[in-house]
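# Would you be able to build a 3D model of this:
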Amino acid sequence: MQINNALQWAGAMFIIAGHLLNTLIEFGYKVEGLNIAAFAIGTVAFLTWTVRVANRPQMVVNVVAIIVCAIGLVRVYA
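Below you'll find the model as predicted:
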């Protein structure tokens, strides 16, 4: 299905963006929080895909990742 493919690619692009933003942080750029937000968006895309295809192990990974991202976003923005 086309939507499943789009969800996987969107997830991949946002996860890559999160890693690139992590690298910028290491070089001193002040983008804390944006990296976590990118990871969260990518994870939501992947979670949506895993629900659609009923991939339970990946679903668990994504739920845990969303919880970790939520904790990180609260710490950065609260």
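# What lies in contact with the top helix by length along the chain?
Looking across the chain with DSSP state H, the single longest helix is helix 2-26. Helix 2-26 is contacted by residues 31-32, 34-36, 38-39, 41-43, 45-46, 48-49, 52-53 when judged by CB atoms under 8 Å, 6 or more residues apart in numbering. For every residue, glycine as well, the C-beta is placed using N, CA and C.
# let's go with 7 Å and repeat that
The contact list for helix 2-26 (CB atoms under 7 Å, 6 or more residues apart in numbering) reads 31-32, 34-35, 38-39, 41-42, 45-46, 48-49, 52-53.
# Now do the contacts for the closest residue in space to Ala37 that isn't next to it in sequence.
What sits nearest to Ala37 in space, not counting adjacent residues and going by CB to CB, 6 or more residues apart in numbering, is Leu73, at 6.7 Å. Shown in contact with Leu73 (CB under 7 Å, 6+ apart): Gly33, Ile36, Ala37, Ala40.
# Work out the gap between the longest helix of the chain and the centre of the chain.
A distance of 7 Å separates the centroid of the chain from that of helix 2-26, by CA atoms, centre = their mean, to the nearest Å.
# buried residues in that helix?
In terms of neighbour count (16 or more other CB atoms under 10 Å), helix 2-26 has its buried residues at Leu7, Gln8, Ala10, Gly11, Phe14, Ile15, Ala17, Gly18, Leu21, Asn22.
# again, but for stretch 31-42
Within stretch 31-42, the residues that qualify as buried are Val31, Leu34, Asn35, Ile36, Ala37, Ala38, Phe39, Ala40, Ile41, Gly42, counting by 16+ other CB under 10 Å.
# Same check on stretch 50-61?
Thr50, Met59.
# neighbouring contacts of that stretch?
Counting by CB under 7 Å, 6+ apart, Asn4, Leu47, Asn62 sit against stretch 50-61.
# Which residue is the nearest non-sequential neighbour of the last one?
Residue nearest to Asn62 in three dimensions, not counting chain neighbours: Leu47, with 3.9 Å by CB to CB, 6+ apart.
# For the one you found, which residues are in contact?
Met59, Asn62, Val63, Ile66.
# Provide the secondary structure category for it.
Look at Leu47: counting by DSSP: H, G, I helix; E, B strand; the rest coil, its state is helix.
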